[in-house]
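>>> one predicted model, sequence on top.
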Amino acid sequence: MATPIILDCDPGHDDAVALLLALASPELELLGVTTTYGNQTLEKTTANAIRVLELAGRPDVPVAAGADRPLERELVVAAHVHGESGLDGPTLPPPSAEPISRDAVEWMAGAIADAAGTVTLVPTGPLTNVARYLDEHGTTGIERIVLMGGAIAEGNMTPAAEFNVWADPEAAQAVLHAEVDVTMIGLDVTHRAVTGADVQRRLRGAGSIGVFVAELVDFFAVYHRETYGWDGAPIHDAVAVAHLLRPGLVGTKPRNVEVELESELCRGRTVVDLWLRTGRPANAHVGVDLDTDAFFDLLVERLARLPAR
Ligand code: BDR
Ligand code: CA
């Protein structure tokens, strides 16, 4: 039986690739997409989720709009990385449909209750929707959570913190302490998933969806070239989906993770007890490594399966 998943995302270039990878993978049953503010406003990320599903010929996949701001913090979006639309680069028509619901938490409750088996949540944006869901409905029916966010020793929003956790640190801390199986795939891992000229060439040869992804990368790479000097872009969020498809692709260690909530300097830092210094119990499988070649082989092979647009 395919693994039922809900993708909770803020598309976003790499969120869009994560969504396409899930659609292309028969091992996964995408029950629906829930959206959050993050890379752009909620209105734009929700429209983008629908646009990508329509591009892939899957307008049947439900999209439910969720949080338009963090639990406690001010709203900040990552337009400096993802552009005005949140998905700048390739041309996409506007969405032809509205989201099925404007209450992602309520929609998730129904989808999880109706699912044939336990459901895996894959959050690839700020964790506001998931924290709210767990607070209101608990962990029943959830198999596990595999999220992109945080880092052991990296930062991208600030020197200390990764964007998704920085955006809503209280939500991230709540998810990490929800007594549910959590895998945290952070920047230490996803910065190994950086495209280069060879990956771009292979994507352009992987059908029209592959070309679309290569065009997304062209735009996404501009920020990363200027910031890091890289010849490409990290496809952060697709690594979380790939981890479901190929256990072992991401190396993980069971570790304690706490989120810094007090300091302004280190806001949203995920403090990972990598070397077991504290005695605090493990609350996450923390990503430590990636088989980069296997990741891109899988991504290209799967995207090539999607029908031409
Ligand atoms: C995360 O932040 C967003 O910009 C990306 O979509 C990814 O989820 C990386 O820090
Ligand atoms: Ca994202």
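Cool, got the structure. Since this is a predicted model, take the numbers as computed values, not measurements. Ligands and ions are numbered 1, 2, ... in the order given.
>>> and the residue in the stretch 1-150 of the chain that ligand 1 sits nearest to, what does it touch?
When scored by C-beta to the nearest ligand atom, the stretch 1-150 of the chain has Gly12 as its residue closest to ligand 1, at 4.2 Å. For glycine as for every other residue, the C-beta is placed from the backbone atoms N, C-alpha and C. Neighbour list for Gly12: Gly38, Asn39, Gln40, Thr45, Asn48, His82, Gly86, Leu87, Thr124, Gly125, Asp237 [criterion: C-beta atoms under 8 Å, 6 or more residues apart in numbering].
>>> so how far is Leu7 from Val122?
Here Val122 is placed at a distance of 5 Å from Leu7 (C-beta to C-beta, to the nearest Å).
>>> which strands and helices sit next to the longest helix along the chain?
For the chain, the helix reaching the highest residue count under DSSP state H is reported as helix 207-228. Judged by 3 or more C-beta pairs under 8 Å, 6 or more residues apart in numbering; DSSP states H and E, the packing partners of helix 207-228 are helix 13-23, helix 79-82, helix 197-204, helix 292-303.
>>> would you mind getting the angle between that helix and helix 13-23?
If you take axes from the mean of the first three to the mean of the last three C-alpha atoms, to 10 degrees, helix 207-228 sits at 150 degrees to helix 13-23.
>>> weakest of the helices and strands packed on helix 207-228 by average pLDDT?
Comparing mean pLDDT across the helices and strands packed on helix 207-228, the weakest is helix 79-82, with a mean of 90.
>>> what comes into contact with it?
With contact meaning C-beta under 8 Å, 6+ apart, helix 79-82 is reached by Gly12, His13, Asn39, Gln40, Gly86, Asp88, Phe220, Tyr223.
>>> if we can go back for a sec, moving C-terminal of the longest helix of the chain, what's the next helix or strand?
helix 236-245 (DSSP states H and E).
>>> about what we covered before: any idea which of the contacts of helix 79-82 is the one closest to ligand 2?
Gly12 (4.4 Å; C-beta to the ion).
>>> need the contact list for the residue lying closest to that closest one once chain neighbours are set aside.
Distances taken as C-beta to C-beta, 6 or more residues apart in numbering put Asn39 closest to Gly12, at 3.8 Å, once the chain neighbours are dropped. Taking C-beta under 8 Å, 6+ apart, we find Asn39 in contact with 10-13, 15, 45, 77-79, 81-82, 86, 125.
>>> which of the residues you listed are close to ligand 2?
Contacts with ligand 2 within the contacts of Asn39, counted by C-beta under 5 Å from the ion: Asp10, Gly12, Asp15, Gly125.
>>> overlap of the contact sets of Val122 and Leu7?
Both Val122 and Leu7 are contacted by Ala18, Ala22, Val241, under the criterion C-beta under 8 Å, 6+ apart.
>>> that older thread, need the contacts of helix 79-82 in TSV (columns: distance to His137).
Shown next, in TSV, are these (distance: C-beta to C-beta, whole Å):
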residue	distance to His137
Gly12	25
His13	31
Asn39	26
Gln40	27
Gly86	28
Asp88	35
Phe220	34
Tyr223	36
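>>> which residues touch the residue in the stretch 201-309 of the chain that ligand 1 sits nearest to?
The stretch 201-309 of the chain approaches ligand 1 most closely through His236 (4.2 Å), counting by C-beta to the nearest ligand atom. Counting by C-beta under 8 Å, 6+ apart, His236 makes contact with Asp14, Thr124, Met148, Leu187, Thr190, Ala193.
>>> now Arg69: closest residue in space that isn't a chain neighbour?
Of all residues not flanking Arg69 in the chain, Leu75 sits nearest, at 4.4 Å (C-beta to C-beta, 6+ apart).
>>> hmm, that neighbour is touching Tyr37, no?
Yes - look at Leu75 against Tyr37 with C-beta atoms under 8 Å: they come within range, at 6.0 Å.
>>> got any residues that touch both of those two?
What both Leu75 and Tyr37 touch, as defined by C-beta under 8 Å, 6+ apart, is the set Asp68, Arg69.
>>> please compute how far the worst-scoring helix or strand of the chain on mean pLDDT lies from its chain's middle.
Every helix and strand in the chain was compared by mean pLDDT, DSSP states H and E; the lowest is helix 79-82, with a mean of 90. Taking C-alpha atoms, centre = their mean, to the nearest Å, one finds the center of helix 79-82 at 16 Å from the center of the full chain.
>>> just want the most central residue of this protein.
Taking C-alpha atoms, centre = their mean, the centroid of the chain lies closest to Thr124, which sits 1.9 Å from it.
>>> Val52 falls within a helix, correct?
Yes - the assignment for Val52 by DSSP: H, G, I helix; E, B strand; the rest coil puts it in a helix.
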